[in-house]
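1. Have a look at this prediction, sequence included:
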Amino acid sequence: MTGSVYSVGQVNAYIKNMFARDFMMSRIFVSGEVSNCKYHSSGHIYFTLKDASGVLSAVMFAGSRMKGLAFHMKAGDKVIVSGSIRVYERDGRYQLYAEEIVLQGAGLLYQKYEALKRELEEMGMFSPEYKQPIPKYASRIGVVTAPTGAAVQDIRNISHRRNPFVQLILYPAQVQGEGAAASVVNGIHALEERGVDVIIVGRGGGSIEDLWAFNEEIVARAIFDCPVPIISAVGHETDTTIADYVADLRAPTPSAAAELAVFDIRRLLEQIDAGRLALNRAVSDKLEQTDARIRQYELRLEVLNPKNRLLENRQMTADYHERIQNRMEQMITQMRHRLQLYAAALDADSPLKKLQGGYAYLSTAEGRRVYAAVDLHAGDRVHAYMLDGSFFAVVDEVCADDRPEKTSE
């Protein structure tokens with residue numbers, strides 16, 4: 001035996017390296033029927049893909065399963081698996097390491113849908129900051145949908161029930177099949193030029209193939225670039241299209257879109273009536289408060305009225321006048337009484353009264369009053385005043401007082 005000899009491990013490692021270097025094996029899509037599908041307790045899924053010509057072992061690890069598998073896979077499912085083929089070195093066999101699994105048929109469309117969704121999401125077209133608010137009181141509403149069918153009829157019925165004064169402008173678009181995406185885009189542009197307040201873009205439910213026009217990139221960009229707020233209403237509650245992610249608001253059904261776009265005039269009228277009642281109550285309360293305040297001001301003005309102050313001052317002046325008058329009368333009475341006392345005392349000491357009793361008033365010739373006999377000398381000339389006249393006399397002799405002196409007991 002000649003040539004190099006390799007171990008099993010070396011051979012397996014070499015083959016593994018060959019697979020790793022092959023670009024096609026690092027990103028491959030394989031279609032087939034699922035068999036021997038086993039869900040491990042660790043979260044990994046082990047299965048086999050088969051077709052008429054052969055079988056291929058595959059595994060999907062729990063980390064890939066969270067993002068790459070959107071349904072419960074089971075034996076018999078026709079699927080397309082994307083991933084890489086690598087050699088399991090220990091066993092010396094190769095297998096498919098699945099990263100994403102979709103069902104066949106709709107699976108190819110779903111894969112295209114997911115790819116476009118990721119691309120547009122990375123571009124920011126789903127970001128909330130680009131969402132426009134839906135006008136609360138829209139009066140002109142554009143509708144892009146098929147002219148026949150339940151969707152447009154539901155929108156009409158609900159709109160008329162909620163507000164018969166709202167104008168609906170329908171653009172009869174093709175919503176399924178070849179050319180449907182372009183028709184929807186044309187409808188958005190046409191209604192934008194009509195100056196509507198909001199646009200409803202939608203149709204009834206269906207399969208992913210039926211709804212595919214609303215997963216086209218041209219429709220998504222037309223919705224994103226439209227300056228008029230757009231409500232998407234594609235399919236039923238379980239159907240979600242790319243148009244739903246790009247639109248300013250997503251409604252689960254066309255009926256729900258009409259509920260969101262058309263304000264309920266009855267509720268508005270009820271709110272207006274309630275507001276009117278509240279305003280009337282507020283005005284009435286305000287008037288009552290104002291009247292009460294005015295009455296308080298009137299009372300204060302009545303108290304502070306200059307006329308009242310003048311009357312008070314006049315009354316006060318009258319009181320002071322009366323008190324002064326009374327006081328003056330009291331003082332006059334007192335002074336009269338005192339004067340009478342003084343008059344009586346003066347009368348008692350009056351010279352005239354003395355003169356009436358036969359007494360005379362003496363003064364020297366020079367006019368100096370004579371108080372006592374010792375003030376005179378013999379030969380002094382004196383002037384005597386009587387009640388009815390006066391006379392002059394000459395002192396012959398001054399006699400000493402011969403009255404006995406008073407002695408104390």
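-> Ah, there it is. Note that the structure is predicted; figures quoted are calculated from it, not measured.

2. Quick check: phi and psi on residue 202?
-> phi -170, psi -180 (degrees, to the nearest 10).

3. mind listing what it touches?
-> By CB atoms under 8 Å, 6 or more residues apart in numbering, the contact list for residue 202 reads 143, 144, 145, 151, 231, 232, 233, 234, 251, 254, 257. From N, CA and C alone the C-beta is placed, and that goes for glycine too.

4. Helices along the chain, start to end?
-> 8-21, 23-26, 62-68, 106-122, 150-162, 180-193, 217-225, 242-246, 254-261, 265-304, 306-348, 351-356 (DSSP state H).

5. Need those helices in TSV (columns: mean pLDDT, distance to residue 208 and mean neighbour count).
-> Shown next, in TSV, are these (pLDDT from 0 to 100; distance: least, CB to CB, whole Å; neighbours: other CB atoms under 10 Å):
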stretch	mean pLDDT	distance to residue 208	mean neighbour count
helix 8-21	71	34	13
helix 23-26	70	28	11
helix 62-68	87	18	14
helix 106-122	80	5	15
helix 150-162	92	18	17
helix 180-193	95	14	19
helix 217-225	95	15	19
helix 242-246	94	12	24
helix 254-261	93	18	23
helix 265-304	89	38	10
helix 306-348	86	92	10
helix 351-356	72	153	12
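
6. can you tell which of the ones you listed is closest to residue 203?
-> Of all those, it is helix 150-162 that lies closest to residue 203, at 5.4 Å by CB to CB.

7. Can you dump the C-alpha atoms of that closest one in CSV for me?
-> Extracted in CSV, the C-alpha atoms of helix 150-162 (Å, rounded to 0.1, in the frame of the first residue of the first chain):
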residue,chain,number,x,y,z
ALA,A,150,-68.3,44.2,0.4
ALA,A,151,-65.5,46.6,1.2
VAL,A,152,-66.8,49.7,-0.6
GLN,A,153,-70.4,48.9,0.5
ASP,A,154,-69.3,48.6,4.2
ILE,A,155,-67.5,52.0,4.0
ARG,A,156,-70.6,53.6,2.4
ASN,A,157,-73.0,52.3,5.0
ILE,A,158,-70.9,53.2,8.0
SER,A,159,-70.1,56.6,6.6
HIS,A,160,-73.7,57.4,6.0
ARG,A,161,-74.7,56.1,9.4
ARG,A,162,-72.1,58.1,11.3
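
8. From the contact counts, what lies against it?
-> strand 140-145, strand 167-172, strand 198-203, helix 254-261 (3 or more CB pairs under 8 Å, 6 or more residues apart in numbering; DSSP states H and E).

9. and with 6 Å instead?
-> For helix 150-162, the packing partners by 3 or more CB pairs under 6 Å, 6 or more residues apart in numbering; DSSP states H and E come out as strand 140-145, helix 254-261.

10. What lies in contact with it?
-> Defining contact as CB atoms under 6 Å, 6 or more residues apart in numbering, one finds that helix 150-162 is touched by 143, 145, 166, 168, 202, 203, 204, 254, 255, 258, 262, 264.

11. now, among the contacts of residue 202, which is nearest to residue 319?
-> Checking the contacts of residue 202 against residue 319 by CB to CB gives residue 231 as the nearest, at 87.4 Å.

12. partner residues bridging that closest one?
-> Beta-bridge pairing of residue 231 under DSSP bridges involves residue 200, residue 249.

13. ok, back up a step: just put the helices of the chain in JSON lines and tack on distance to residue 98.
-> Below are the helices of the chain laid out as JSON lines (distance: least, CB to CB, whole Å):
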{"stretch": "helix 8-21", "distance to residue 98": "16"}
{"stretch": "helix 23-26", "distance to residue 98": "14"}
{"stretch": "helix 62-68", "distance to residue 98": "7"}
{"stretch": "helix 106-122", "distance to residue 98": "13"}
{"stretch": "helix 150-162", "distance to residue 98": "38"}
{"stretch": "helix 180-193", "distance to residue 98": "32"}
{"stretch": "helix 217-225", "distance to residue 98": "27"}
{"stretch": "helix 242-246", "distance to residue 98": "25"}
{"stretch": "helix 254-261", "distance to residue 98": "37"}
{"stretch": "helix 265-304", "distance to residue 98": "53"}
{"stretch": "helix 306-348", "distance to residue 98": "102"}
{"stretch": "helix 351-356", "distance to residue 98": "159"}
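
14. how about the ones you listed, which one is nearest residue 35?
-> helix 106-122 (17.4 Å).

15. angle of the closest one against helix 217-225?
-> Inter-element angle recorded for helix 106-122 and helix 217-225: 30 degrees (by axes from the mean of the first three to the mean of the last three CA atoms, to 10 degrees).

16. what does helix 106-122 rub up against?
-> For helix 106-122, the external contacting residues (CB under 6 Å, 6+ apart) are 80, 102, 208, 215, 217, 220, 242.

17. Ok, which of the helices and strands packed on helix 150-162 comes nearest residue 42?
-> The nearest among the helices and strands packed on helix 150-162, by CB to CB, is helix 254-261 at 41.9 Å.

18. thinking again about what came up before, can you add distance to residue 322 and give the contacts of helix 106-122 back as TSV?
-> Output for those, formatted as TSV (distance: CB to CB, whole Å):
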residue	distance to residue 322
80	122
102	117
208	112
215	109
217	109
220	104
242	105
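
19. Pull out the buried residues from stretch 234-250.
-> Buried residues in stretch 234-250, counted by 16 or more other CB atoms under 10 Å: 234-235, 239-250.

20. hmm, back to that, turn the helices and strands packed on helix 150-162 into CSV, columns for distance to residue 62.
-> Output for the helices and strands packed on helix 150-162, formatted as CSV (distance: least, CB to CB, whole Å):
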stretch, distance to residue 62
strand 140-145, 43
helix 254-261, 37
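
21. separation between the residue of the chain most remote from its centre and residue 368?
-> In the chain, the residue that sits farthest from the middle, by CA atoms, centre = their mean, is residue 396; the gap is 130.4 Å. From residue 396 over to residue 368 the distance is 20 Å, taken as CB to CB, to the nearest Å.
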